[in-house]
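> what follows is a predicted protein model with its sequence.
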Number of protein chains: 6
Amino acid sequence: MADDRLQRGLDTLAQIDPGAYEALRGALEGGAPGLADAIVAFGFGDVASRPGLDLKHRELVSVVAAAALGGAQPQLTAHLVYALKLGWTAEELREALIQTAPILGMPRALNGLAALADAVAAVAPEA
Amino acid sequence: MADDRLQRGLDTLAQIDPGAYEALRGALEGGAPGLADAIVAFGFGDVASRPGLDLKHRELVSVVAAAALGGAQPQLTAHLVYALKLGWTAEELREALIQTAPILGMPRALNGLAALADAVAAVAPEA
Amino acid sequence: MADDRLQRGLDTLAQIDPGAYEALRGALEGGAPGLADAIVAFGFGDVASRPGLDLKHRELVSVVAAAALGGAQPQLTAHLVYALKLGWTAEELREALIQTAPILGMPRALNGLAALADAVAAVAPEA
Amino acid sequence: MADDRLQRGLDTLAQIDPGAYEALRGALEGGAPGLADAIVAFGFGDVASRPGLDLKHRELVSVVAAAALGGAQPQLTAHLVYALKLGWTAEELREALIQTAPILGMPRALNGLAALADAVAAVAPEA
Amino acid sequence: MADDRLQRGLDTLAQIDPGAYEALRGALEGGAPGLADAIVAFGFGDVASRPGLDLKHRELVSVVAAAALGGAQPQLTAHLVYALKLGWTAEELREALIQTAPILGMPRALNGLAALADAVAAVAPEA
Amino acid sequence: MADDRLQRGLDTLAQIDPGAYEALRGALEGGAPGLADAIVAFGFGDVASRPGLDLKHRELVSVVAAAALGGAQPQLTAHLVYALKLGWTAEELREALIQTAPILGMPRALNGLAALADAVAAVAPEA
């Protein structure tokens, strides 16, 4: 019998990127069994699928949170890729990252712009 | 002769809240002369008035950045008030704060929800 | 039909403190419906109930993580209460907090000791 | 006349890894004379040798603190190596890092797992 | 037989504020025996008494570090008091805190200015 | 008609390093038009050119702030280069970074020392 939250997480993640679950599981299952499922069940099943804010705006929140955290360039790049796939333009994401500068300072914004360049390059071949 | 960026900042801030500049200047001018103007010139003149992302979305970014920073409850509450004035609903902001939990952990999200309750209470009397 | 993750989380949380779920739900359900369940399902169902490290040691990890985060005194105090209920002594927790000083600096350790005093006071009436 | 705290620190560090002091001094003495001794005197002489919590548990605390800090992958890897040498298994450390996710978010936990893979590889040749 | 590092720390701390050790010991000795001595031995004996940068400039560094950390208002206020006693003016410290804004963002700088007002008030009665 | 804040920022930055603006604009203008000017107008026009603390001491503050932030090695190295050009010696900067250890922990100080080695190497060829 399936776990409802995991299924809801898988459905939500598939709306962003059909190959994301395979990639996540491939990266984590060897080192940390079950962690990929926990991330999907919580991050996308419990949280991102909640009503009250659409998935596109939620991904903008994730981008800003990952940029703010610092020391999380791979995760920030991954969320920027998700955000591009959900329809945010590179210009909108650039402006969102610049908008963090008055609150978080320049280094976080500049590191965010570097990750955005990586994300745009990663998505571009599909275009 | 006026400084263009300060004027642009004052115009932008007035779109959010006509009384915000007076409040900021009242709070800061005694202790740190000129700092209120620098905050307005940079935060609202250089940054928030840039094209490419509208003011309402920029304020959502500011809310998430302030929630992520931690130890900034007064500034987070102020940005939540600005966000409510720009048309975000309390429910949307609540969901944005919850959306930070997978990346920043529960404490940042929970502190954000506490600030949201304060911001809603501060704005409510105007309704 | 119950969600397995949530049920596992409720069972795990009840081992720490039989009244914790009621308290969490009472604090959060009004402002953020469903969030208490998501916290329990993820934090205690997906994560704390994993094999490979016992619950008592997991709670030590949570204490150190909350102390390290900063700006999270209520959550740190709550985890210190959980840790005391799981059998850590106040002296062991004090030493764990002091042990963070070389890596995180003195302020995080000192704020942790202040939270420990609150946690000990909160648990003491039961003794 | 020897400084008691430095001597106590050297003795404590030698219990973890007989070669650690030489490595630390080799890395730091050229650029920052005396810093290696200060780190040992404080971190291992003043702090880690305190009674009330054994060395093995103290090293678990150091691992979680270094993972929580972020932007400290080399120091986190070094503490994971120490933890392995003190008898924690790779599985226990993996679970400790995963346990940080509800409080610190996923990126800190995932970066911790990457450092753990490095630490296990560094220790393995000795096995 | 005295520990050289502790004695050097006590001498250094006494140059800043003759009553500081008593205050520190009074605050910490009950809850964490020996911690005040470890803080003095490391912070003032190992570190602040090093050659190459004078004590007044070292205290400026401590102020900026405590402001940057966030969630450390009591420690920041204490270091601002030390800095005032070592001869920095309130205006110089105000400017140092404002100088952090481009790198750390506005909230850290503004919280620093609030702590400075507390520190000035604490020192003023002596004037 | 020139913007006074930007012009003041350009003048201030030129005192530190005549080539810095060209380098900043070259790095940022392609990806984020106007951002280099905003950084100069705010960081050097609004903030660093304020009276009350000289430019050399302001740059020491920037170094400590960037070291404290973490995850900002390129920006920290850039500020260390500026500090060297303004007359701080490598030894003074080393001691400033070590002075952060009691408040921020060892990893931030050690990462700062690594950046200092890079900055010294970058400036040396000019000597």
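Thanks, I have the structure now. As the structure is a prediction and not an experimental result, all values here were calculated from the model.
> which element is the nearest residue to A:T100 once chain neighbours are set aside on?
Nearest residue to A:T100 in three dimensions, chain neighbours excluded: B:A65, at 4.5 Å (Cβ to Cβ, 6 or more residues apart in numbering or on different chains). C-beta: built from backbone N, CA, C; applies to glycine. Counting by DSSP states H and E, the element that carries B:A65 is helix B:55-69.
> the longest helix anywhere in chain A: which residues count as buried?
Identified as the longest helix of chain A according to DSSP state H is helix A:106-123. Using 16 or more other Cβ atoms under 10 Å in any protein chain shown as the test for burial, helix A:106-123 gives A:106-113, A:115-116, A:119-120, A:123.
> can you narrow these to ones near chain F?
By Cβ under 8 Å from any Cβ of the partner chain, the members of those lying near chain F are A:M106, A:P107, A:R108, A:L110, A:N111, A:L113, A:L116.
> quick revisit: helices or strands up against the longest helix of chain A?
Counting by 3 or more Cβ pairs under 8 Å, 6 or more residues apart in numbering or on different chains; DSSP states H and E, the packing neighbours recorded for helix A:106-123 are helix A:55-69, helix A:73-85, helix A:90-99, helix E:101-104, helix F:55-69, helix F:73-85.
> between helix A:90-99 and that helix, find me the angle.
Relative orientation of helix A:106-123 versus helix A:90-99 (axes from the mean of the first three to the mean of the last three Cα atoms, to 10 degrees): 160 degrees.
> A:G52 in helix, strand or coil?
coil (DSSP: H, G, I helix; E, B strand; the rest coil).
> so what's it up against?
By Cβ atoms under 8 Å, 6 or more residues apart in numbering or on different chains, A:G52 lies in contact with B:E91, B:E92, B:R94, B:E95.
> contacting residues around the residue most central in space within chain A?
Geometric centre of chain A, nearest residue: A:H79, 2.4 Å, by Cα atoms, centre = their mean. A:H79 is in contact with A:E59, A:S62, A:V63, A:A66, B:I103, counting by Cβ under 8 Å, 6+ apart.
> what's the separation between the third one and chain D?
The spacing between A:V63 and chain D, counted by Cβ to the nearest Cβ, to the nearest Å, is 13 Å.
> that residue contacts A:L86, correct?
No. Under the criterion of Cβ atoms under 8 Å, A:V63 makes no contact with A:L86, lying 10.4 Å away.
> for A:G31, what are its contacts?
Going by Cβ under 8 Å, 6+ apart, A:G31 touches D:R94, D:L113, D:L116, D:A117.
> secondary structure class for it?
The assignment at A:G31 comes out as coil when based on three-state DSSP.
> now it. Its backbone dihedrals?
Here is the backbone geometry of A:G31 (degrees, to the nearest 10): phi -80, psi -30.
> what confidence value was assigned to it?
Listed pLDDT for A:G31 reads 91.
> the one 3 residues further on now?
At A:G34, the pLDDT value in this model is 95.
> ok, now how distant is the closest residue to it other than its chain neighbours from A:A27?
Using Cβ to Cβ, 6+ apart and skipping residues adjacent in sequence, the residue nearest A:G34 is C:R50, 7.0 Å away. Remark: distance between C:R50 and A:A27 (Cβ to Cβ, to the nearest Å) = 18 Å.
> kindly report the same for A:V123.
Using Cβ to Cβ, one obtains 18 Å as the distance from A:V123 to A:A27.
> before we move on, what about A:A114?
For A:A114, the distance to A:A27 equals 22 Å [Cβ to Cβ].
> again with A:A14
Distance from A:A14 to A:A27, by Cβ to Cβ: 17 Å.
> on that earlier part again, winner for burial among the helices and strands packed on helix A:106-123?
helix E:101-104 (a mean of 28; mean count of other Cβ atoms under 10 Å in any protein chain shown).
> near chain F, anything from it?
Yes. Applying Cβ under 8 Å from any Cβ, one finds helix E:101-104 touching chain F at E:A101, E:P102, E:I103, E:L104.
> save those residues as TSV, and put in pLDDT too.
Listed next are the residues of helix E:101-104 next to chain F as TSV, based on pLDDT from 0 to 100:
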residue	pLDDT
E:A101	98
E:P102	98
E:I103	98
E:L104	98
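> tell me the residues of chain A that contact chain F?
So far as Cβ under 8 Å from any Cβ goes, chain A lies against chain F at A:70-72, A:94, A:98, A:105-108, A:110-111, A:113, A:116-117.
> widest-spaced pair of the residues you listed?
Farthest pair in these (Cβ to Cβ) is A:G71 and A:R94. Separation: 21.2 Å.
> quick one: residues contacting the closest residue to A:A119 other than its chain neighbours.
Distances taken as Cβ to Cβ, 6+ apart place A:L80 nearest to A:A119, at 3.5 Å, with adjacent residues excluded. Counting by Cβ under 8 Å, 6+ apart, A:L80 touches A:V63, A:L93, A:A115, A:L116, A:D118, A:A119, A:V120.
> can I get those residues in CSV including pLDDT?
Shown next, in CSV, are the contacts of A:L80 (pLDDT from 0 to 100):
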residue, pLDDT
A:V63, 98
A:L93, 98
A:A115, 98
A:L116, 98
A:D118, 97
A:A119, 98
A:V120, 97
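> chain E: which of those residues is nearest?
Chain E lies nearest to A:V63 out of the contacts of A:L80, by Cβ to the nearest Cβ, at 17.4 Å.
> what about that closest one, distance to chain C?
Look at A:V63 and chain C: by Cβ to the nearest Cβ, they are 21 Å apart.
> please apply the same query to A:G43.
A:G43 sits 9 Å away from chain C, going by Cβ to the nearest Cβ.
> now do the contacts for that residue.
Contacts here follow Cβ under 8 Å, 6+ apart; on that basis A:G43 touches A:G9, B:P102, D:M106.
> ditto for A:D118
A:T77, A:L80.
> ditto for A:R94
By Cβ under 8 Å, 6+ apart, A:R94 lies in contact with A:L113, A:L116, B:G52, F:G31, F:A32.
> cool, A:L116 as well?
A:L116 is in contact with A:L80, A:A90, A:L93, A:R94, A:L97, F:G31, counting by Cβ under 8 Å, 6+ apart.
> so which of these is the closest to chain C?
Proximity of the contacts of A:L116 to chain C (Cβ to the nearest Cβ) peaks at A:L97, which lies at 23.0 Å.
> any idea how far that closest one is from chain D?
Distance, A:L97 to chain D, using Cβ to the nearest Cβ: 17 Å.
> got the buried residues for stretch A:18-27?
A:A20, A:Y21, A:L24.
> and what of stretch A:5-22?
By neighbour count on 16+ other Cβ under 10 Å, the buried set for stretch A:5-22 is A:R5, A:L6, A:R8, A:G9, A:L10, A:T12, A:L13, A:I16, A:D17, A:A20, A:Y21.
> so which of these sit within helices?
Mapping the buried residues of stretch A:5-22 onto helices (DSSP H) picks out A:R5, A:L6, A:R8, A:G9, A:L10, A:T12, A:L13, A:I16, A:A20, A:Y21.
> run the chain-centre distance for the helix or strand hosting A:L24.
Under the criterion of DSSP H and E, A:L24 resides in helix A:20-28. From the chain centre to the centre of helix A:20-28 is a distance of 13 Å (Cα atoms, centre = their mean, to the nearest Å).
> repeat that for stretch A:95-111.
18 Å.
> mind checking the end-to-end distance for it?
13 Å (Cα to Cα, to the nearest Å).
> same thing with stretch A:62-79?
7 Å.
> swap in stretch A:97-117?
Stretch A:97-117 end-to-end distance (Cα to Cα) = 12 Å.
> now it: how far from the chain's centre is it?
With Cα atoms, centre = their mean, you get 16 Å for stretch A:97-117.
> repeat that for stretch A:77-88.
6 Å.
> burial count for A:D3?
Each residue near A:D3 was counted by other Cβ atoms under 10 Å in any protein chain shown, and the total is 18.
> not counting residues beside it along the chain, what's closest to it?
C:D4 (5.3 Å).
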